[in-house]
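K.L.:
Could you work out the structure for the sequence below:
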Amino acid sequence: MPSSNDRGPPGAGPSDNLRGLDILLVEDSLDVGDALKAFLELLGASVAGPATTTAEAETLLIERLPDVALVDFRLRGGELSYGLITRLHEQGMDVIMLSGSFEFPPPSSVAGATMLEKPFSESQLLAYLGPIAKKLRA
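P.N.:
Below is the predicted model of the structure:
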């Protein structure tokens with residue numbers, strides 16, 4: 001997850017607290033998913049997942065509706081997460097789409113998703129999640 005690539009929106013940093021933030025994590029790499037979950041929980045977030053497929057994510061959504069979703073664009077077996085991202089947007093959820101490559105522009109159905117290219121730094125991720133957590137606590 002960490003990288004030397006620190007591009008991203010200003011305003012958040014490693015000291016941001018994610019207490020009270022419910023996150024759905026959809027990531028097919030178990031190592032990346034486990035590392036992300038541990039990091040987010042360390043900062044106080046509640047994390048459902050990591051789900052490795054959209055079907056697993058849908059099952060987690062039945063149990064609870066999170067505040068924000070971190071969704072890997074390309075999942076196992078070539079599965080793309082367009083449909084899941086569209087559904088989450090329709091429910092008014094913030095979505096941060098994760099991908100190792102944005103070679104092709106995403107279709108209009110995911111146009112509202114924030115895109116974060118892997119590898120990303122902890123501060124880049126917090127730059128997106130910190131303001132969402134603060135808004136929920138306000």
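K.L.:
Every contact and neighbour count from this point should use C-alpha atoms.
P.N.:
Noted.
K.L.:
and the nearest residue to D72 once chain neighbours are set aside, what does it touch?
P.N.:
Using C-alpha to C-alpha, 6 or more residues apart in numbering and skipping the chain neighbours, the partner closest in space to D72 is L98 (4.4 Å). Residues near L98 by C-alpha atoms under 8 Å, 6 or more residues apart in numbering: 70-73, 115-118.
K.L.:
repeat that for 10 Å
P.N.:
Contacts for L98 (C-alpha atoms under 10 Å, 6 or more residues apart in numbering) come out as 26-27, 70-74, 113-120.
K.L.:
in this protein, what spans have low per-residue confidence?
P.N.:
Within the chain, the ranges that satisfy pLDDT under 70 run 1-16, 101-111.
K.L.:
Break down it into its helices, ranges please.
P.N.:
Ranges of helices in the chain, per DSSP state H, are 30-42, 54-63, 82-90, 122-137.
K.L.:
Pull the distance from the first one to the chain's centre.
P.N.:
Here helix 30-42 is found 11 Å from its chain centre; the criterion is C-alpha atoms, centre = their mean, to the nearest Å.
K.L.:
tell me which residues in it are buried?
P.N.:
Buried residues in helix 30-42, defined by neighbour count with 16 or more other C-alpha atoms under 10 Å: 33, 36-37, 40-41.
K.L.:
Columns distance to A55 on top of the residues you listed, output as JSON lines?
P.N.:
Formatted as JSON lines, the buried residues of helix 30-42 follow (distance: C-alpha to C-alpha, whole Å):
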{"residue": "G33", "distance to A55": "16"}
{"residue": "L36", "distance to A55": "20"}
{"residue": "K37", "distance to A55": "19"}
{"residue": "L40", "distance to A55": "23"}
{"residue": "E41", "distance to A55": "23"}
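K.L.:
ok, those vs M93, which is closest?
P.N.:
Within these, proximity to M93 (C-alpha to C-alpha) peaks at L40, which comes in at 18.1 Å.
K.L.:
Cool, thanks, talk later.
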